[in-house]
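In: Below is the sequence, then the predicted model.
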Amino acid sequence: MPAVLWGRQCDGYGDVVVTEPAPGVALALTRGLHPKPYRWVDPNEDVVAAVVGPRATLLVVADAHNGALASEVAVQTVLDHVGDDPPEDLDDKELVALFAHAGGTILAETSARADHQRRESRTTLSLALIADHRLRWAALGDSPVLVVQAGRGQELTSDSSHFVGWPMASFQVDRVLQRGRLALADDAWVVVASDGFSNFTVAATAALGAEAVLSQARYAADGARGLIEHAFAGGAGDNVATAVLAPPLRGSCPAGRTTRIVLEECSPAESRYACGKGRRAYWSRASGLARASRLPTSSPIIIDRTAFSTFLPLIV
């Protein structure tokens, strides 16, 4: 089942939405800490998604300009293509066809709009497909794909001024589409982010920024949120989206532990989550309130505006 955070659902400065659709996989999204220094159409034009299937996990980020329409269409096109069961691999022909199809769909959608600015909506599109210690990645635009393993960060993509939604035939997409494969170590973190992270990292490079954040992260949600907090430290005058896959041994709570979930009465913008006694507390948006419960589980649970209704039946 795809998990998606749409920019239109997170449009307050400083707000961060975090969701963990499966153990070891997390998404985070924010409008940013400060206003963008340029003219924009929609408050938050980023979209981030993940699909965790029986064979593989897919992470996707799109960062639009001139309105969020292009990023929403691009991500939905990818999700429609893979369904609930992403394949273990996508060959070059399939990737080129997918990105070309996304571009054509964006052109069809935007050309039908009366609003001139939204008619010009275009987007980055980056994806990472992970299966059995193998990474397949592809990108158009400047949304980075990063890997941190053996304590070292690496950015697999390079900035590009080509965007999805420009009129391009398949052979033109083939020329400009960045893609590759990488073997992953047991301790590998995989990150797909928007340039709100790479442009506002306080480190010398996005790879070093990811390395610094993920070396301190315990769970996927730590990493996804930590990357945004890192961009906040750098000023974050842009939308920031992060999708994170954690190493298998660090992606979930120790088996057999009892997870305590506490939702206390609070403002609409805050709720508290704690995973086990003495563990780090997470803060995120929530739509309701409840009192403590104990649940035997092997995975951390993030309570936020997106996931609250899913976990509410478990609270007794």
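Out: Happy to help now that I have it. Numbers count the residues shown, from 1 in each chain.

In: what's in contact with whichever strand or helix holds residue 101?
Out: Applying DSSP states H and E as the criterion places residue 101 in helix 92-111. Helix 92-111 has contacts (Cβ atoms under 8 Å, 6 or more residues apart in numbering) with 69-70, 73-74, 77-78, 81, 90, 118-123, 125, 138, 140, 164-170, 173-174, 177, 179. Backbone N, C-alpha and C define where each C-beta goes, glycine included.

In: 7 Å instead, please
Out: 69-70, 73-74, 77-78, 81, 118-119, 121, 125, 138, 140, 164-168, 170, 173-174, 177, 179 (Cβ atoms under 7 Å, 6 or more residues apart in numbering).

In: Just the buried subset of those residues, written out for PyMOL, thanks.
Out: Applying 16 or more other Cβ atoms under 10 Å to the contacts of helix 92-111, the buried members can be selected in PyMOL as follows:
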select buried, resi 69+70+73+74+77+78+81+118+119+121+125+138+140+164+165+168+170+173+174+177+179
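
In: Could you find the closest non-adjacent residue to residue 213?
Out: Once flanking residues are discounted, residue 213 sits nearest to residue 226: 4.3 Å by Cβ to Cβ, 6 or more residues apart in numbering.

In: tell me the SS of that neighbour?
Out: When classified by DSSP: H, G, I helix; E, B strand; the rest coil, residue 226 comes out as helix.

In: okay but it is in contact with residue 219, surely?
Out: No. Counting by Cβ atoms under 7 Å, residue 219 is not a contact partner of residue 226; they are 10.1 Å apart.

In: higher neighbour count, the two?
Out: Using other Cβ atoms under 10 Å, the more surrounded residue of residue 226 and residue 219 is residue 219, with 25 against 20.

In: and residue 41, helix, strand or coil?
Out: Per three-state DSSP, residue 41 ends up coil.

In: For the closest residue to it other than its chain neighbours, give me its contacts.
Out: Distances taken as Cβ to Cβ, 6+ apart put residue 67 closest to residue 41, at 4.1 Å, once the chain neighbours are dropped. Taking Cβ under 7 Å, 6+ apart as the criterion, residue 67 is in contact with 41, 42, 45, 117, 118, 121.

In: If we use 6 Å, what do you get?
Out: 41, 42, 118, 121 (Cβ atoms under 6 Å, 6 or more residues apart in numbering).

In: now residue 245, nearest residue through space, not along the chain?
Out: Using Cβ to Cβ, 6+ apart and skipping residues adjacent in sequence, the residue nearest residue 245 is residue 190, 4.3 Å away.

In: hmm, I was thinking of residue 186
Out: Distances taken as Cβ to Cβ, 6+ apart put residue 247 closest to residue 186, at 6.4 Å, once the chain neighbours are dropped.

In: Ok, residue 115 next?
Out: Of all residues not flanking residue 115 in the chain, residue 67 sits nearest, at 7.7 Å (Cβ to Cβ, 6+ apart).

In: Model confidence for that neighbour, exactly?
Out: We note a pLDDT of 89 for residue 67 in this prediction.

In: again with residue 248
Out: 82.

In: What's the mean pLDDT across the helix holding residue 101?
Out: The pLDDT scores in helix 92-111 average 94.

In: just checking, next helix/strand downstream of that helix?
Out: Using DSSP H and E, the helix or strand that follows helix 92-111 in sequence is helix 116-119.

In: wait, what's in contact with residue 10?
Out: Residues counted as contacts of residue 10 (Cβ under 6 Å, 6+ apart) are 17, 29, 31, 44.

In: Look up the residues forming beta bridges with the second one.
Out: Listed beta-bridge partners, residue 29: residue 17, residue 241 (assigned using DSSP bridges).

In: wait, isn't it in contact with residue 5?
Out: Yes. Taking contacts as Cβ atoms under 6 Å, residue 29 lies within contact range of residue 5: 4.2 Å.

In: neighbour-wise, which of the two wins?
Out: Legend: neighbour count by other Cβ under 10 Å for residue 29 and residue 5, higher for residue 29 (30 against 27).

In: Which pLDDT value belongs to the more buried one?
Out: Reading off the model, residue 29 has pLDDT 95.

In: Contacts only, for it.
Out: Listed by Cβ under 6 Å, 6+ apart, the contact partners of residue 29 are 5, 10, 17, 48, 241.
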